[in-house]
Each structure stands twice: as C-alpha cells, then as structure tokens.
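*Asks:* coordinates only, sequence not included:
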Ligand code: C5P
C-alpha cells in the first residue's frame, strides 16, 4: 500500500533542486512547493515598491499585505503576487542578487514557514528550499540534501539563463552562486544546513533522470513503511 509522504529537498543555490523536485512530484502525483519562489516573490515586490530590504519590520508588513499563490501548471509552477503572474520577474538577476538579504530576516521567515507548513498539509508533497528538513518540515519522511560543485552549478545556471535570454558569463555566475551560498549558510536564522537524517546526493556527475530515479527509489521505500 503506498501513501502520501513529505519529501524535503534542501541544498545550495542552483543545485537542480527545483527541476528534480518538480519531476518527482509529477511522477508520484504529489504537490510541488518551491519555497525559494516565495522569498523571490517578496523580494520582487519589495524592489518594485522601493521597500527597505534591510528592515525586517518593513518587509513583514509588506508580506502581511501580500497574497502569494503558487499554481502548478504543465510548464512549471506559476507564481502569482496579488493575483498577477510574476513567474518570470522573480527570476531576474536583480531579485537573485537581493533575495538572500530578504530571506535572512527572522520575522519574514516565521511568516513564510507558517505559509509553507499550511501548503504542506496536502497529502504527498515535495518541497524544496534551504531549511525544509531542518525547520519547515522536520518530520518529513524523506529528507534529501542535494549538492553539486560550484563550477557545475554555474554552468547549469548559465544554460538555463541562456534559454530565457539572460546572458551572464559562467565566471560571474560562479561568484554570485558562491556568495549566495555563503549568505544562506552563515545567516543566524535557519541557515542552509544538512538535516542530521538527510540523505546527501552529489549531483555533479549525475543526469537529472539518475537523480530523480534515486530519490523515487528512496521515496518508495518510505511509502511502504
Ligand atoms: O531556491 P532559490 O535559489 O530560488 O532560492 C532563492 C533564495 O531564497 C535563496 O538563496 C535563499 O536565500 C532563500 N531561501 C531560503 N529558504 C528557503 C528557500 C529559499 O532562505 N526555504
């Protein structure tokens, strides 16, 4: 008998978490929740509205007045901010450069974690982020910590960006990714950290299909328990 479980996928920037998480959710018919998109959405709205992103208070009151909606679609998850489709805008280099600062604020995280836990009440979820196994869903039946070398991650991000018409040199992406990893790992509140009971998967020399297969295999074992 199979059952819905919670799968937490954490890891550093551009490790392929969302591509993999989306595929797993499709295969298992689970709900996919991209928590990075939520922090990106708040960052985008803050930048558009000229909100001081060093202020926890200003950001939390902005978040309290914001309706965030994640909607699955055949082409991926659509992100609505106050009813407006901002799926593309939240991936802009400007949002990417500022999101770690926004995500470091304690009260911002409290509100986001509350929203994320509510979204995970559906049976069967795959949630990806930085603190899913450690803080958001510490009771997840399967926790994965996905890594890849910074070089490999920069190349993957470069190819992904090219498809969207964004042309950034690999070396520059490498520096940006390394800086985001540093900021996410060194922040005080819920830093990026492997949960003690997480399975580590280094995807540097693996194909997407191989990673998906490995995680599905682990999930099937957990579902049988
Ligand atoms: O996953 P993605 O790269 O889109 O995440 C963007 C940023 O959002 C991360 O660099 C991190 O600062 C923040 N984040 C977080 N906690 C999560 C998910 C993302 O702090 N659970």
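*Replies:* Sure thing, it's come through. None of the values given here were measured: they were computed from a predicted structure.
*Asks:* roughly how far is the helix or strand where residue 59 lies from the heart of the chain?
*Replies:* Using DSSP states H and E, residue 59 maps to helix 56-64. Averaging C-alpha positions (CA atoms, centre = their mean, to the nearest Å) puts helix 56-64 20 Å from its chain's average.
*Asks:* quick one: buried residues of the helix or strand just after it?
*Replies:* Proceeding N to C from helix 56-64, the next assigned helix or strand is strand 68-73, under DSSP H and E. Neighbour counts using 16 or more other CB atoms under 10 Å place 68, 70 of strand 68-73 among the buried residues. Using the backbone N, CA and C atoms, a C-beta is placed for each residue, glycine as well.
*Asks:* okay, now the sheet partners of strand 68-73, with direction.
*Replies:* Strands that pair with strand 68-73, judged by DSSP bridges, come out as strand 76-81 (antiparallel).
*Asks:* circling back: quick one: mean pLDDT over the helix holding residue 59.
*Replies:* For helix 56-64, the mean per-residue pLDDT is 98.
*Asks:* for the chain, what lies in contact range of the ligand?
*Replies:* Contact residues (CB under 6 Å from any ligand atom) of the chain with the ligand: 13, 35-36, 39-40, 99-100, 103, 129-132, 180, 184.
*Asks:* how near is residue 13 to residue 127?
*Replies:* Residue 13 is 17 Å from residue 127, where distance means CB to CB, to the nearest Å.
*Asks:* between those two, which has more neighbouring residues?
*Replies:* Per other CB atoms under 10 Å, whichever of residue 13 and residue 127 has more neighbours is residue 127, with 27 against 24.
*Asks:* who touches that one in this structure?
*Replies:* 6-9, 21, 32-33, 35, 116, 119-120, 136-137, 140 (CB atoms under 8 Å, 6 or more residues apart in numbering).
*Asks:* so where is the protein shaky, pLDDT-wise?
*Replies:* Confidence mapping of the chain against pLDDT under 70 gives the ranges 1-2.
*Asks:* now do the helices in it.
*Replies:* 17-28, 35-48, 56-64, 93-103, 106-119, 150-163, 170-186, 208-224 (DSSP state H).
*Asks:* what's the most buried one of the ones you listed?
*Replies:* Burial of the helices of the chain is given as mean neighbour count (mean count of other CB atoms under 10 Å); helix 35-48 ranks first at a mean of 23.
*Asks:* just checking, what packs against that one?
*Replies:* helix 56-64, strand 68-73, strand 76-81, helix 93-103, helix 106-119, strand 125-129 (3 or more CB pairs under 8 Å, 6 or more residues apart in numbering; DSSP states H and E).
*Asks:* save the ones you listed as a markdown table, and put in distance to residue 203 too.
*Replies:* Output for the helices and strands packed on helix 35-48, formatted as a markdown table (distance: least, CB to CB, whole Å):
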| stretch | distance to residue 203 |
| --- | --- |
| helix 56-64 | 32 |
| strand 68-73 | 23 |
| strand 76-81 | 19 |
| helix 93-103 | 20 |
| helix 106-119 | 24 |
| strand 125-129 | 13 |
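*Asks:* circling back to that earlier point, which among the contacts of residue 127 gets closest to the ligand?
*Replies:* Checking those against the ligand with CB to the nearest ligand atom, the nearest one is residue 35 at 3.9 Å.
*Asks:* ok, that closest one - contacts?
*Replies:* Contact analysis of residue 35 by CB under 8 Å, 6+ apart lists 112, 116, 127-130, 132, 136.
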